[in-house]
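# below is the structure, and that's it, no one-letter string:
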């Protein structure tokens, strides 16, 4: 009976005690050990990259489970575009493993989707991941605190300046967040334009600290001043 119901690794299909076997978990595209604490891009020295020093974003720091490379990118696409919701807990656990107790905020806020996108997709992938992270961390969710009010075109493929313009004034928030520490959770962060725009709104609502929690961080081919 134990053989019949043995778990299988989601990636290699081999027997495993969890969703990912040890070899597959070890082969995931983990972040470099040295990376900017603010934007999570790779670094060779210091703790904060030159771009974040020159143009600090509205969020204070970033935590990413992995870099946006195979197989993490394939898992995220399967969740997001094929509604493979069974992957949300797996991705959430990878992110949870990167979050230390000393970094816990007062609330977790899933990156909002515009209502039209939510109707089209049927779910918010950030919310699916955030529910699991919230439960494991013991931190309350704020799923309705902010709204996406601008149905902007996809950020994919746009350069930074265009992304910044594309996402401007995309969010609204009426919550009183005075003195609160907020972690914004999303599936992927590329340039950080969307995260930065929402963080600005949270700051205006009184948030004392804003963290970016993402499953994957994409790395540009070369360093760029993105904030």
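Thanks, I have it. This is a predicted model, so every value here is computed, not measured.
# outline the domain layout of this structure.
1-28, 31-217 (automatic domain parsing).
# ranking these by mean pLDDT, which is last?
Mean pLDDT is lowest for domain 1-28 among these, at a mean of 83.
# buried sites along it?
Within domain 1-28, the residues scored as buried using 16 or more other C-beta atoms under 10 Å are 9, 10, 11, 16, 19, 20, 21, 24, 25, 28. All C-beta spots, glycine's among them, are computed from the backbone N, C-alpha and C.
# centre of the chain to that domain, how far?
Here the centre of domain 1-28 is set off from its chain's centre by 25 Å, with C-alpha atoms, centre = their mean, to the nearest Å.
# returning to that earlier point: just the domains of the chain: most buried one?
domain 31-217 (a mean of 18; mean count of other C-beta atoms under 10 Å).
# picking that back up, max pairwise distance over the buried residues of domain 1-28: which two?
16 and 28 (14.0 Å; C-beta to C-beta).
# correct me if wrong: residue 141 contacts residue 106.
No: in this structure, residue 141 is not within contact of residue 106 by C-beta atoms under 8 Å, at 11.3 Å.
# show me where the chain has its helices.
22-26, 50-54, 72-82, 87-96, 115-121, 125-137, 160-167, 193-204 (DSSP state H).
# I figured residue 12 hits residue 26, correct?
No: in this structure, residue 12 is not within contact of residue 26 by C-beta under 8 Å, at 11.9 Å.
# circling back to that earlier point, would you list the buried residues of domain 1-28 in JSON lines and tack on distance to residue 34?
As requested, the buried residues of domain 1-28 are arranged in JSON lines below (distance: C-beta to C-beta, whole Å):
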{"residue": "9", "distance to residue 34": "30"}
{"residue": "10", "distance to residue 34": "29"}
{"residue": "11", "distance to residue 34": "27"}
{"residue": "16", "distance to residue 34": "31"}
{"residue": "19", "distance to residue 34": "29"}
{"residue": "20", "distance to residue 34": "25"}
{"residue": "21", "distance to residue 34": "28"}
{"residue": "24", "distance to residue 34": "25"}
{"residue": "25", "distance to residue 34": "22"}
{"residue": "28", "distance to residue 34": "18"}
